[in-house]
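# The sequence and its predicted three-dimensional model are supplied below.
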Number of protein chains: 2
Amino acid sequence: MSLKKKPVTGMKDILPKEMEIRNYVMEMIRRVYANYGFTCVETPCVEHIENLCSKQGGENEKLIFKILKRGEKLKIDTAKEETDLADLGLRYDLTVPLTRFYSNNANELSAPFKALQMGNVWRADRPQRGRYRQFMQCDIDILGDPGIMAEIELVLATTTLLGRLDFHGFSIRINDRRLLKAMAMYSGFPAEKYDTVFIILDKMDKIGIEGVRQELLEEGFHADQVDTYLSLFEQLEHSADGVKECQKILSSVLDAAVCEELSSIIEIVEKSKTADFRMVFDPTLVRGMSYYTGPIFEISMDEYGGSVGGGGRYDEMIGKFTGNAVSACGFSIGFERIVMLLLERGYEVPKTGEKKAWLIEKNMPLEKMAELMEQAQKAREEGAQINICVMKKNKKFQKDLLISQGYEKIEEFFA
Amino acid sequence: MSLKKKPVTGMKDILPKEMEIRNYVMEMIRRVYANYGFTCVETPCVEHIENLCSKQGGENEKLIFKILKRGEKLKIDTAKEETDLADLGLRYDLTVPLTRFYSNNANELSAPFKALQMGNVWRADRPQRGRYRQFMQCDIDILGDPGIMAEIELVLATTTLLGRLDFHGFSIRINDRRLLKAMAMYSGFPAEKYDTVFIILDKMDKIGIEGVRQELLEEGFHADQVDTYLSLFEQLEHSADGVKECQKILSSVLDAAVCEELSSIIEIVEKSKTADFRMVFDPTLVRGMSYYTGPIFEISMDEYGGSVGGGGRYDEMIGKFTGNAVSACGFSIGFERIVMLLLERGYEVPKTGEKKAWLIEKNMPLEKMAELMEQAQKAREEGAQINICVMKKNKKFQKDLLISQGYEKIEEFFA
C-alpha cells in the first residue's frame, strides 16, 4: 500500500520556516485589531451549496469544491447534474459566511459589530505559480456603522498592522463607487454600460490612458464622451484636493456629501496615521465586486506589482440576504501575499529568547537521563527554549540543520 | 434570494467569547511546545481520496466528506459508485496527512523531527451534543527518535501545557501494547483473538471487572484463561512498581526491556514534572488504533468523564506507507474538550491591558472627529486597547454589551 506523497494539485505543505512567519503575522493581526476593538469569529469551512451559489460570489461561484451527498441522500443512479450530487461546498471567501453568521447570531453580537476573521478558503482555479487552491484569507469588517468612522478605523488599523510588520512607503488608494458612476454619467455614457466602462478603466495601470481610450472607442462609445471622460482623470490631483476639484466638476450629477466624505477620510487618516504610508485618491480604482456601494480602497506596494489587500463599503449585501438592511464596510488583507513578501525579504521573526539544543547520546543511562530532563524542565520554567534531541549518526548534518533553524547553542551529552 | 442562516448540520459558528479562549489556548500550545523544540507544520485540509482510504484511519474512513471531481473528469452519466465521482476528501485526522507530509519533505526536516500540527478535521458522524463534524485537532509528534526520551518529552510538554491552562490533579494513564499482548499470551488466549479480548478489556472503566469477565466468557473463552487474565489486573499497583511486578510475572512471555522502558518513563516523568498531575500505570488501557507498537498514554481528568487526549508510539506506520521505517511517537490533545472545560469553568483569559470603549455620537463634526482619532491613535501606540464605536440609539443596551465583553471604561463623546 503506497501513499501519494505530493499534496493534492494546487495545494501545498507548509514547512516550519514559513509557518513561523505565518503564525507571527496571524498573532500580530489579532493583537493590532484587538487594540482597535475587533473580535475574532469563525464559521465552518463547509457551507450550504445554496449559500455559495447565491450570485454574490461572482466568478468564484464557478470555482467551488463541491461535497458529495452522504448516505441515502446520494442517488447516483438517478443523478442528472451536479446539484443532484452535492449539498455542501468549501467556502471560496469569508464574506458570504460572515453574512450568514451575522444573520444567525446578530442578537448576541455588539453593535456596531467589529469582526476579524482568519481562515482558509478554497477555489478550484487553474493552478499557477504563487497561486494556490487553498489559501488563508483575513477579513475585517464593521457591521452597523453607516458613517466614515468605519472606513477611517479600518484603514488606520490595517496600516498600523503593516507598519508593525516593517512595511514602509506603501499607499492606500481610495475612491468611491458613487464618484465612479458620477464620472461616467457626467461623460454621457448610458447607465447600462457603466460596468463595461469600469472594466476597461480598471486596466489603466496596465495599458495606460491611451490604451483605455482605444478600448473605449472599440467598444463603440462616442469619441466626445470618451474625451470628456478621460480628461477628468488627467486634471485631478491624487489628494483630498483632487476630490474637492471633482466635487466642483461633478456638482450637477453628484451629491456633494460623497466627495466631502471621501476627502474627510483622506484628511483624517493623513492626520492621525502612525505608519509610513500615504493616502492616494485614485479615481481609476474600480474594485471588481459589484456589491460595493460607497468608498473603496486598495493597498499598493512598490515592491509588489499588484494589490496586497483592499475593500470597501457594501451597505446593501446583508439586507439582500436577510431582509434587514445593515450597513457594512470591510477590508480584506492579502495574507498570503504579505507572507510571500516577508519570506522573499528574508524576514526574521523577532526572537523571544535563546534557543538551545541538547544532543543526547543514544543509550544514555537512565539516572543521567532523569537528571538531564530535570535540568531542562527547570530551565524551561525560567523561559528557556530547549530542544532535546537524540544524537544522530550524522551529527554534523544534524547540527548544521539546527544552526540553520536559529539554535545558537548546541550542547552534547554523552553516555 | 434568501440565505440559509444556520451553519450546515453538525458544524458551528464560533462567537467572540469562545474564540478568545480558543486563540489563547492555541497561542499557549505554540508557546509551550516551542519551548520543547517543536515546530509548526501544516498540510492542506483536502487530501487524495486514496490516501484517506488507505485502511490506517479505521472507522473514520466511513465518515469522509468526499469532494466531487471537477470539469471533464466528472462523468455523471457513467458513474456507478462514489469512487467514480470523488477524487479528493476532507482529512479526518492529522496522522495520515503527517505521514504524507513527512515522506514528501523529509529531506528538509531536522532529525529527529518534532512536529506540532493544529488544524481542522472533518467527520460525517451522526451529530450529537458536544460533538461536531468539523473540529480542531492538535497533534504533536516526534519522528525519528526510537527511544523513551520521545515519550518523556511528549508527556512533559503536554502536562506543562495543561498546567499553564490551570488544570490540576489530572492523571496520565500509561501502558504498552507489547505488555497488553504479553498478558493475553500469558493467559493462553489465541493470538488471533487478542483484538477481541482488548475490545472487551477497554470497557473496564464502564462495566467493571465482573462485566469484563462475563463478556469474555460469553465470547467463548475458557474460564481458567479468563481467571488467569483478570487476576493479573487485580494484583498490580498503578505505579512503576506495578510495572516491575508485571515484569516478574510475565518474564516467560515478555522481553524485560519493555517493562524497564515503561517504568523508566513513569519514574523520570514523576521526577522532572512541573505540573500538578500523576503518572498512573493502567494495564487496562488499550487505545483504539491498531497501529500502536509500544507505549500508549491517555490524559484523564476527574472533571471530565472521558479522555482529553492521548497517544503512543507507532513505529511501523510511516514505513508501511513509504517503505522507509521511521520510528514515531505522538500525542493528540483534545483541543475541543479543553476549550469546552475552560468555557464551562468560566475561564477568563488573562488580560493584556485596559479595554476602553469610546462611543462617538453620530454626525460628529469632522474636526472633532479628526482630533479624537488622533488621540486614540496615540493611546493605542502606547498599548491601550480602544474600541471606537458609533453611538447607537439604544445606548443602554450597547453599553451593557460592552461591559459584558470586559470594557471597564466607556467614554462618551457628543457632537
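Perfect, I can see it now.

# ok, now how distant is the residue of the stretch 301-415 of chain A found nearest chain B from A:Ile403?
Nearest residue of the stretch 301-415 of chain A to chain B: A:Asn387, at 2.5 Å (Cβ to the nearest Cβ). Every C-beta, even on glycine, is put in place using the N, C-alpha and C of the backbone. Applying Cβ to Cβ, to the nearest Å, the value for A:Asn387 to A:Ile403 is 12 Å.

# Tell me which of the two has more neighbours.
Shown here are A:Asn387 and A:Ile403; by other Cβ atoms under 10 Å in any protein chain shown, A:Asn387 has more neighbours (24 against 12).

# beta partners for the more buried one?
Per DSSP bridges, the residues bridged to A:Asn387 are A:Ala357.

# do A:Met301 as well
Taking DSSP bridges as the rule, A:Met301 bridges to A:Tyr304.

# Tell me which residues are up against the lowest-mean-pLDDT helix or strand in chain A.
None of the helices or strands of chain A scores lower by mean pLDDT, DSSP states H and E than helix A:317-322, at a mean of 83. The contact list for helix A:317-322, computed with Cβ atoms under 8 Å, 6 or more residues apart in numbering or on different chains, reads A:54, A:56, A:95, A:99-100, A:102-103, A:143, A:291, A:324-326, A:328, B:1-3, B:5.

# how about 7 Å then?
The contact list for helix A:317-322, computed with Cβ atoms under 7 Å, 6 or more residues apart in numbering or on different chains, reads A:56, A:99, A:102-103, A:291, A:325-326, A:328, B:1-3.

# quick one: contacts for the residue nearest the centre of chain A?
Centrality entry for chain A: nearest residue to the mean C-alpha point is A:Ile333, 2.7 Å, by Cα atoms, centre = their mean. A:Ile333 is in contact with A:138, A:158, A:309, counting by Cβ under 7 Å, 6+ apart.

# between the residues you listed, which is nearest A:Pro365?
For the contacts of A:Ile333, the minimum distance to A:Pro365 (Cβ to Cβ) is 50.8 Å, reached by A:Cys138.

# The closest one touches A:Arg30, doesn't it?
No. Counting by Cβ atoms under 7 Å, A:Cys138 stays clear of A:Arg30, with 10.0 Å between them.

# picking that back up, any idea how far the residue nearest to the centre of chain A lies from A:Leu165?
Distance check for A:Ile333 against A:Leu165: by Cβ to Cβ, it reads 10 Å.

# Same question for A:Phe413.
Distance check for A:Phe413 against A:Leu165: by Cβ to Cβ, it reads 39 Å.

# on that earlier part again, most surrounded residue in the contacts of helix A:317-322?
Among the contacts of helix A:317-322, A:Ala328 has the most neighbours (other Cβ under 10 Å), with 29 neighbours.

# Can you tell me the element the closest residue to A:Ala191 other than its chain neighbours falls in?
Counting by Cβ to Cβ, 6 or more residues apart in numbering or on different chains, A:Met185 is the residue found nearest to A:Ala191 once chain neighbours are left out, at 7.3 Å. Taking DSSP states H and E as the criterion, A:Met185 maps to helix A:177-186.

# What is that helix packed up against?
Helix A:177-186 is packed against helix A:194-201, helix A:256-272, with contacts defined by 3 or more Cβ pairs under 7 Å, 6 or more residues apart in numbering or on different chains; DSSP states H and E.

# angle of the first one against helix A:177-186?
Relative orientation of helix A:194-201 with respect to helix A:177-186: 100 degrees, computed using axes from the mean of the first three to the mean of the last three Cα atoms, to 10 degrees.

# C-terminal to helix A:194-201, what's the next element?
Sequence-wise, the next helix or strand downstream of helix A:194-201 (DSSP H and E) is helix A:204-218.

# which sections of the stretch 251-400 of chain A are below the confidence cut-off?
Within the stretch 251-400 of chain A, not a single segment meets pLDDT under 70.

# For A:Phe413 and A:Leu165, indicate the residue with more neighbours.
Neighbour totals were compared for A:Phe413 and A:Leu165, and A:Leu165 leads with 19 against 15 (other Cβ under 10 Å).

# Could you pull up the residues touching the more buried one?
Listed by Cβ under 7 Å, 6+ apart, the contact set of A:Leu165 reads A:25, A:28, A:338, A:342.

# Quick check on those residues: which are buried?
Buried members of the contacts of A:Leu165, counted by 16 or more other Cβ atoms under 10 Å in any protein chain shown: A:25, A:338, A:342.

# Residue numbers of the stretch 251-400 of chain A in contact with chain B?
Within the stretch 251-400 of chain A, the positions near chain B by Cβ under 7 Å from any Cβ of the partner chain are A:264, A:268, A:271-272, A:274, A:320-322, A:357, A:360, A:362, A:366, A:369-370, A:373-374, A:377, A:380-381, A:385-390, A:392, A:398.

# Out of those, which end up buried?
A:264, A:268, A:272, A:320-322, A:357, A:360, A:369-370, A:373, A:377, A:380, A:385-390, A:392, A:398.

# name the element A:Asp77 belongs to?
With DSSP H and E as the test, A:Asp77 turns up in no helix or strand.

# Ok, the one 3 residues further on next?
Under the criterion of DSSP H and E, A:Lys80 resides outside all helices and strands.

# got the contact list for it?
Contacts for A:Lys80 (Cβ under 7 Å, 6+ apart) come out as B:Ile76.

# measure it to B:Asp77 for me?
Separation of A:Lys80 from B:Asp77 (Cβ to Cβ) stands at 9 Å.

# the helices in the stretch 251-400 of chain A, which residues?
For the stretch 251-400 of chain A, applying DSSP state H, counting those that start in this stretch gives helices covering A:256-272, A:317-322, A:335-344, A:366-381, A:395-404.

# mind exporting stretch A:311-331 as PDB, just the C-alpha atoms?
Extracted in PDB, the C-alpha atoms of stretch A:311-331 (Å, rounded to 0.1, in the frame of the first residue of the first chain):
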ATOM      1  CA  GLY A 311     -12.100  46.600   0.500                       C
ATOM      2  CA  GLY A 312     -14.900  49.000   0.700                       C
ATOM      3  CA  ARG A 313     -18.400  49.700   1.800                       C
ATOM      4  CA  TYR A 314     -21.200  47.200   0.900                       C
ATOM      5  CA  ASP A 315     -24.300  48.600   2.600                       C
ATOM      6  CA  GLU A 316     -26.800  46.500   0.600                       C
ATOM      7  CA  MET A 317     -25.500  43.000   0.700                       C
ATOM      8  CA  ILE A 318     -26.700  41.800   4.100                       C
ATOM      9  CA  GLY A 319     -30.100  43.300   3.600                       C
ATOM     10  CA  LYS A 320     -30.400  41.400   0.300                       C
ATOM     11  CA  PHE A 321     -29.700  38.200   2.100                       C
ATOM     12  CA  THR A 322     -31.600  38.700   5.300                       C
ATOM     13  CA  GLY A 323     -34.200  41.400   4.600                       C
ATOM     14  CA  ASN A 324     -32.800  43.600   7.300                       C
ATOM     15  CA  ALA A 325     -30.600  46.400   5.900                       C
ATOM     16  CA  VAL A 326     -27.300  46.600   7.800                       C
ATOM     17  CA  SER A 327     -24.500  49.000   6.800                       C
ATOM     18  CA  ALA A 328     -21.200  47.200   6.300                       C
ATOM     19  CA  CYS A 329     -17.700  48.100   5.500                       C
ATOM     20  CA  GLY A 330     -14.800  45.700   5.200                       C
ATOM     21  CA  PHE A 331     -11.100  45.200   4.400                       C
END
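
# if we can go back for a sec, didn't the residue nearest to A:Ala191 look like it was pressed against A:Val253?
Yes. Using Cβ under 7 Å, A:Met185 makes contact with A:Val253 at a distance of 4.8 Å.
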